[in-house]
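Colleague: Based on what follows, work out the 3D shape:
(4 chains)
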Number of protein chains: 2
Amino acid sequence: MRRMTARPANAHQARLLKLLRDGGPNSRAQLGDQVDLSRSKLAVEVDRLLETELVVADGLAASRGGRRSHNIRLNPHLRFLGVDIGATSIDVAVTNAELEILGHINQPMDVREGPVAVFEQVLSMAAKLKASGLAEGFDGAGIGVPGPVRFPEGVPVAPPIMPGWDGFPVREALSQELGCPVMVDNDVNLMAMGEQHAGVARTVADFLCVKIGTGIGCGIVVGGEVYRGTTGSAGDIGHIQAVPDGHPCACGNRGCLEAHFSGAALARDALEAAQQNRSPELAARLENHGTLTAVDVAAAAAAGDATSLDLIREGGNRTGQVIAGLVSFFNPGLVVIGGGVTGLGHTLLAAIRTQVYRQSLPLATGNLPIVLGELGPTAGVIGAARLISDHLFSPA
Amino acid sequence: MRRMTARPANAHQARLLKLLRDGGPNSRAQLGDQVDLSRSKLAVEVDRLLETELVVADGLAASRGGRRSHNIRLNPHLRFLGVDIGATSIDVAVTNAELEILGHINQPMDVREGPVAVFEQVLSMAAKLKASGLAEGFDGAGIGVPGPVRFPEGVPVAPPIMPGWDGFPVREALSQELGCPVMVDNDVNLMAMGEQHAGVARTVADFLCVKIGTGIGCGIVVGGEVYRGTTGSAGDIGHIQAVPDGHPCACGNRGCLEAHFSGAALARDALEAAQQNRSPELAARLENHGTLTAVDVAAAAAAGDATSLDLIREGGNRTGQVIAGLVSFFNPGLVVIGGGVTGLGHTLLAAIRTQVYRQSLPLATGNLPIVLGELGPTAGVIGAARLISDHLFSPA
DNA sequence: CTACTTTTTCCACTCAGAGGACAAAGACGG
DNA sequence: CCGTCTTTGTCCTCTGAGTGGAAAAAGTAG
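Modeller: Next up, the predicted model:
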């Protein structure tokens, strides 16, 4: 099928496309209620969108008491590809133009194998989704990578955990391979956009989205827009000092948050506890699997293992301390906790909450929800689809 | 004289007013070069502005080789009042529409004497400026207060160091008294706006402005706009934990940055050092003045007093640690250090720089200047004038 | 004084958008 | 089944913002 290459010609059309994306099919009349344009103007713009085939007419709308209206919806053949490259796994999903996930696959892979190997994998996963009949091609793709990105160019810059990716033209290369527009961003920013689009942050303009996975990062949303900082490294909170003279960190300093609590740190501490026989539960799991990960700690904690619970609580406290500082500074309307270790669930959340509510001033915390993300592993790919759709649904 | 009550009628006029404010008198042709409007449209809008008397014709412009053009400038009779209410003193200044300070007076006063007493003082200072012939009246006033403000309403909310101000309708009250529009903001935000308008931050879109005075606060500028947070308390970094289990703080926690370094903390530590005879220099000053303030520490340090230098270095380290965290999180393009204790100058700056450059990641610090504010005590009042002018020079 | 520039004004023309009138299509009561 | 009412969609005219060219005004350079 011929891909849609059209873009909205003006801000009105862009507005309409975003309304249809976020609100699903709508009649002209319903659209008119939302955009403050005269009926004539609206009709003109809708007609032009119909001509570009970005939107299509779609049957009759429910009656509101008078003449029934015809629904307008985004072209149901539009397909976006959402790719979330994590430190240790890759998520790829296909969505329609309303950003609903039509198919989603996950594959373990170490990002340190380098961009070439990773892209091979991504392309084969995309091909698999295509083969299953979900898409005939892609109209756009969003990519998340676990490190800072120079956003306008879509190029990773000095990513600590992605050797070999520095300066690699991710956007350019994937755009070539996929034959469609591509946007690249930090995976944490995409998670924030996902939760904003379809998750807990739908109604909040200013919020933080803390992702605790192999590393720790934080998406910052200001006035509904992701804030990326001067060089694209905003939200890189993993290397804030959490413990004076604490554990050494890969970055060269000591006591970084990431060195004390993250998927990697948790695995390390669990291994130590198992070997020192402080936790029979963990020791048993080590015996079985030959290795320990954050998942084991979560399972052990769920089974009531005191050492594991302590590890989680301790980490939650550290993280909570750092978040408390950020809350004082940024005064967000919401804090979302997400990422791989959310399996640790409410033990973690409780520890974080305790620290934040204790350390930040009442004015900042008075009405501040701190919640777990509600999309889990789909937040990233939804955010990725959102990223490219925001781009494509803006005037050229 | 009749005050100007006109406001720009549309975005074009607002744009022109701001260009004239920031760039001084300009010919129509020069304005045309900057605004991307057709000559005819520009002429129409300028004529309308002339009708409202917001701008006036002002002689001939310098020749650019052809017909000489007439200059347009903001009405030279326009006057803004900038008020900066600090914890222990009040600054009041009069500016013209280009935000140049025409007169500036400072008066010690404790903000804890409450809004009524403080406003009496402010009004008498404003009257004095008027009496000296600098203004016949004010077209607008900006007010900075040392605590969080619900910005749209111009009302302090739960200000820790301003008992009695909570909920006091500052904007409303002063607007009544002065008979002109008033805007209220946190003093730190105004300092940031001042440095942005006329100081070191003129060309930077995203920066932090750390003010170390009686307390510690931080102005946050995102995309050229001050970010105030969900409840107006953004930038309240004085109560971030800097020292685990450190000094008790008035807020009820321990180890807050403000409890370890600020005008008040410095005075406390200096007094202790003097009494314990660790510093002859400080002891002598205590003898002379009967009390010690941050100014004494600065003087002693300048005279080579080792204890004072240590106090400054120690405080700078603490502050630098906190700033390092904020830099990692926010990735600003510039950090400005200002406030009362900038007398401590380069000793302080060096300590802060050391910590930030050591603790934050190279990507965030690589191109990050950390500098002292360049406006000193005028930053606040200039920012106040800027605040109200931004308001008045926007479409009604 | 002449040739050339630049600035400013004037004017005709275009185009986006508003809003009213009217036609189309269904709901609903009799 | 029919007339009335409501909602939706289309058409058409009118307005006002804005553009761009031409010419006048007012200089500079030689």
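Colleague: Check the gap between residue A:332 and DNA strand C for me.
Modeller: Distance, residue A:332 to DNA strand C, by Cβ to the nearest atom of the strand, to the nearest Å: 35 Å. C-beta coordinates here come from the backbone N, C-alpha and C atoms, glycine included.
Colleague: In contact with that residue: list those residues for me.
Modeller: By Cβ atoms under 8 Å, 6 or more residues apart in numbering or on different chains, the residues touching residue A:332 are A:204, A:206-208, A:326, A:368, B:229-230.
Colleague: Tell me how far it lies from residue B:148.
Modeller: To residue B:148, residue A:332 is 15 Å away according to Cβ to Cβ, to the nearest Å.
Colleague: Any chance of TSV for the contacts of residue A:332, columns secondary structure and distance to DNA strand D?
Modeller: Listed next are the contacts of residue A:332 as TSV, based on DSSP: H, G, I helix; E, B strand; the rest coil; distance: Cβ to the nearest atom of the strand, whole Å:
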residue	secondary structure	distance to DNA strand D
A:204	coil	31
A:206	coil	32
A:207	strand	35
A:208	strand	39
A:326	helix	42
A:368	coil	40
B:229	coil	34
B:230	coil	35
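Colleague: May I see the residues you listed organised as CSV, with distance to DNA strand C, pLDDT and neighbour count added?
Modeller: Below are those laid out as CSV (distance: Cβ to the nearest atom of the strand, whole Å; pLDDT from 0 to 100; neighbours: other Cβ atoms under 10 Å in any protein chain shown):
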residue, distance to DNA strand C, pLDDT, neighbour count
A:204, 30, 97, 17
A:206, 30, 98, 22
A:207, 33, 98, 25
A:208, 37, 98, 24
A:326, 41, 97, 25
A:368, 39, 96, 21
B:229, 34, 96, 23
B:230, 32, 95, 20
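Colleague: What mean pLDDT does stretch A:336-348 get?
Modeller: The pLDDT scores in stretch A:336-348 average 80.
Colleague: From the opening residue of that stretch to its closing one, how far?
Modeller: One end of stretch A:336-348 to the other measures 13 Å (Cα to Cα, to the nearest Å).
Colleague: and it with chain B, contact?
Modeller: No: if you take Cβ under 8 Å from any Cβ of the partner chain as the test, stretch A:336-348 misses chain B, and the best it gets is 14.3 Å.
Colleague: Any chance you could list what contacts that stretch?
Modeller: By Cβ under 8 Å, 6+ apart, the surrounding residues in contact with stretch A:336-348 are A:86, A:191-192, A:195, A:199-201, A:207-214, A:216, A:262-263, A:266, A:294-295, A:297-298, A:301, A:309, A:312-313, A:315-316, A:319, A:349, A:352, A:370-373, A:375-376, A:379.
Colleague: Would you mind giving me the PyMOL syntax to select the buried ones in these?
Modeller: A single PyMOL command selects the buried members of the contacts of stretch A:336-348 (16 or more other Cβ atoms under 10 Å in any protein chain shown):
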select buried, chain A and resi 86+191+192+195+199+200+201+207+208+209+210+211+212+213+214+216+262+263+266+294+295+297+298+301+309+312+313+315+316+319+349+352+370+371+372+373+375+379
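Colleague: In strands, which of the contacts of stretch A:336-348 appear?
Modeller: A:207-212, A:216, A:370-372 (DSSP state E).
Colleague: From residue B:245, how far out is residue A:241?
Modeller: Distance from residue A:241 to residue B:245, by Cβ to Cβ: 16 Å.
Colleague: Where does the prediction get shaky in chain A?
Modeller: For chain A, applying pLDDT under 70 flags the ranges A:1-2, A:4, A:63, A:65, A:341-343.
Colleague: any idea how it splits into domains?
Modeller: What automatic domain parsing lists as the domains of chain A is A:11-74, A:80-196+A:378-392, A:202-372.
Colleague: The shortest one near DNA strand C at all?
Modeller: So that's domain A:11-74. Yes: part of domain A:11-74 sits near DNA strand C under the criterion Cβ under 7 Å from any atom of the strand, namely A:12, A:36-41, A:60, A:63, A:65-68.
Colleague: Nearest to residue B:277 among the residues you listed?
Modeller: Nearest to residue B:277 among the residues of domain A:11-74 next to DNA strand C, counting by Cβ to Cβ, is residue A:36 at 73.6 Å.
Colleague: Quick check: residue A:136 touching residue A:130?
Modeller: Yes: contact criterion Cβ atoms under 8 Å: residue A:136 and residue A:130 qualify, at 7.2 Å.
Colleague: and those two? which has more neighbours close in?
Modeller: Counted by other Cβ atoms under 10 Å in any protein chain shown, residue A:136 and residue A:130 do not tie: residue A:130 has more neighbours, with 17 against 11.
Colleague: Render the CA-only coordinates of the strand or helix carrying the more buried one in PDB, please.
Modeller: Here residue A:130, judged by DSSP states H and E, is contained in helix A:115-131. As requested, C-alpha coordinates have been extracted for helix A:115-131 and formatted as PDB (Å, rounded to 0.1, in the frame of the first residue of the first chain):
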ATOM      1  CA  PRO A 115      23.900  -0.100  16.900                       C
ATOM      2  CA  VAL A 116      24.300  -2.400  13.900                       C
ATOM      3  CA  ALA A 117      23.400  -5.500  15.700                       C
ATOM      4  CA  VAL A 118      20.500  -3.800  17.500                       C
ATOM      5  CA  PHE A 119      19.100  -2.400  14.400                       C
ATOM      6  CA  GLU A 120      19.200  -5.700  12.700                       C
ATOM      7  CA  GLN A 121      17.200  -7.100  15.500                       C
ATOM      8  CA  VAL A 122      14.700  -4.100  15.500                       C
ATOM      9  CA  LEU A 123      14.200  -4.500  11.700                       C
ATOM     10  CA  SER A 124      13.600  -8.200  12.000                       C
ATOM     11  CA  MET A 125      11.100  -7.600  14.800                       C
ATOM     12  CA  ALA A 126       9.400  -5.000  12.700                       C
ATOM     13  CA  ALA A 127       9.300  -7.400   9.800                       C
ATOM     14  CA  LYS A 128       7.700 -10.000  12.000                       C
ATOM     15  CA  LEU A 129       4.900  -7.600  13.000                       C
ATOM     16  CA  LYS A 130       4.400  -6.800   9.300                       C
ATOM     17  CA  ALA A 131       4.300 -10.400   8.400                       C
END
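Colleague: Quick check: what element follows it along the chain?
Modeller: Downstream of helix A:115-131, the first helix or strand assigned by DSSP H and E is strand A:140-145.
Colleague: I'd like to know which elements that following strand is packed against.
Modeller: On a contact count with 3 or more Cβ pairs under 8 Å, 6 or more residues apart in numbering or on different chains; DSSP states H and E, strand A:140-145 meets strand A:80-85, helix A:170-178, strand A:182-186, helix A:187-198, helix A:378-392.
Colleague: Select, out of those, the one closest to DNA strand C.
Modeller: helix A:378-392 (20.8 Å; Cβ to the nearest atom of the strand).
Colleague: who does that closest one touch, helix- and strand-wise?
Modeller: Using 3+ Cβ pairs under 8 Å, 6+ apart, the elements in contact with helix A:378-392 are strand A:80-85, strand A:89-95, strand A:101-108, strand A:140-145, strand A:182-186, helix A:187-198.
Colleague: Switch those over to CSV; also include distance to DNA strand C.
Modeller: Below are the helices and strands packed on helix A:378-392 laid out as CSV (distance: least, Cβ to the nearest atom of the strand, whole Å):
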stretch, distance to DNA strand C
strand A:80-85, 28
strand A:89-95, 30
strand A:101-108, 32
strand A:140-145, 26
strand A:182-186, 27
helix A:187-198, 27
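Colleague: Quick one: closest of the ones you listed to residue B:27.
Modeller: In terms of Cβ to Cβ, the element of the helices and strands packed on helix A:378-392 nearest to residue B:27 is strand A:182-186, at 43.0 Å.
Colleague: Could you check the angle that closest one makes with helix A:170-178?
Modeller: Counting by axes from the mean of the first three to the mean of the last three Cα atoms, to 10 degrees, strand A:182-186 lies at 140 degrees to helix A:170-178.
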